[in-house]
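Chemist: No sequence on hand, only this structure:
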Ligand SMILES: Cc1cc2nc3c(=O)[nH]c(=O)nc-3n(C[C@H](O)[C@H](O)[C@H](O)COP(=O)(O)O)c2cc1C
Ligand SMILES: Nc1ncnc2c1ncn2[C@@H]1O[C@H](COP(=O)(O)OP(=O)(O)OP(=O)(O)O)[C@@H](O)[C@H]1O
């Protein structure tokens with residue numbers, strides 16, 4: 001089986017290329033043992049990158065590859081939990097950001113109601129130990145997993161002792177007076193605080209889509225700032241975009257590329273005129 005690479009011809013701006021596996025079954029048997037990070041990692045914000053830095057030093061010390069396990073779609077959306085789960089990143093962009101941060105491979109697990117019903121012990125054994133051959137598991141101090149989100153860092157620590165991996169709980173990076181989080185970033189975007197979102201992300205918020213005329217077609221649930229005009233980077237070039245009254249993203253200036261082509265838009269600041 002060949003490893004799917006996230007960098008494809010329809011993914012612009014990809015810099016590094018690492019494997020992006022869809023499901024544990026796609027991970028080559030030769031990959032493990034490895035250091036595994038688990039979570040949604042939407043947007044790979046500065047808190048996530050602190051986790052990656054920590055995990056990278058463990059993978060370096062042990063001479064093992066570093067794998068990021070992400071869930072798709074967001075667990076809270078699948079479970080019908082009433083909270084904003086709008087996406088700060090496509091899975092391909094997440095993998096691109098992970099590569100830039102020094103991750104060796106990404107495995108995106110399809111999050112379903114069936115997976116949600118697995119106990120912490122089942123997930124740790126089937127996915128982390130048997131599926132991925134984890135030698136170390138690195139998560140943030142607030143990480144939860146398994147049915148009803150009952151598993152914590154302590155649970156993982158206990159399970160890992162029997163299953164042969166070490167567990168590392170990393171303190172949460174703060175932004176202003178709250179933990180840096182995807183939720184915080186989405187909240188900033190929703191109220192048009194692009195600077196706040198960029199502070200949490202460590203870069204401007206970027207969306208990935210396809211052009212149809214002047215409209216950028218985006219995946220459902222893409223996180224966008226409110227209606228208005230924005231100075232933006234369109235495929236890394238200065239431009240002007242608009243979120244119209246119907247929530248559509250339009251390119252007003254800055255992208256001469258033909259229709260149907262993939263395009264990225266990074267929001268810089270609200271444009272008053
Ligand atoms: C096997 C498994 C089962 C889960 N079941 C539930 C669940 O029943 N209820 C829930 O709210 N979250 C559930 N989750 C989601 C986790 O609580 C958590 O959101 C997820 O592991 C992502 O971690 P993160 O939010 O720190 O990124 C489950 C996660 C996993 C891996
Ligand atoms: N500020 C942070 N510092 C260090 N690690 C973090 C931070 N935020 C999250 N993590 C860890 O990164 C992994 C992915 O977390 P997750 O995607 O849930 O982040 P989040 O920003 O809290 O998301 P959301 O706000 O959507 O719940 C988890 O192991 C989590 O514990």
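Modeler: Received the coordinates, thanks. Quantities reported herein were computed from a predicted structural model and do not represent experimental measurements. Ligands and ions are numbered 1, 2, ... in the order given.
Chemist: Quick check: buried residues in the longest helix along the chain?
Modeler: Ranked by residue count and defined by DSSP state H, the top helix of the chain is helix 46-62. Within helix 46-62, the residues scored as buried using 16 or more other Cβ atoms under 10 Å are 46-52, 54-56, 58-59. Backbone N, C-alpha and C define where each C-beta goes, glycine included.
Chemist: Just name the closest of the residues you listed to residue 145, please.
Modeler: residue 51 (14.8 Å; Cβ to Cβ).
Chemist: Pull up the gap between that closest one and residue 173, please.
Modeler: Going from residue 51 to residue 173 by Cβ to Cβ, to the nearest Å gives 8 Å.
Chemist: give me phi/psi at the residue in the stretch 101-250 of the chain positioned nearest to ligand 1?
Modeler: Ligand 1 sits closest to residue 149 of the stretch 101-250 of the chain, with a gap of 3.1 Å, by Cβ to the nearest ligand atom. Phi and psi for residue 149, reported as degrees, to the nearest 10, are phi 60, psi 30.
Chemist: That one: neighbour count?
Modeler: When neighbours are counted by other Cβ atoms under 10 Å, residue 149 registers 15.
Chemist: And for residue 166?
Modeler: There are 16 residues near residue 166, going by other Cβ under 10 Å.
Chemist: Can you tell me the SS state at the closest residue to it other than its chain neighbours?
Modeler: Closest residue to residue 166 apart from its sequence neighbours, by Cβ to Cβ, 6 or more residues apart in numbering: residue 136 at 4.8 Å. Under DSSP: H, G, I helix; E, B strand; the rest coil, residue 136 falls in the strand class.
Chemist: No further questions, thank you.
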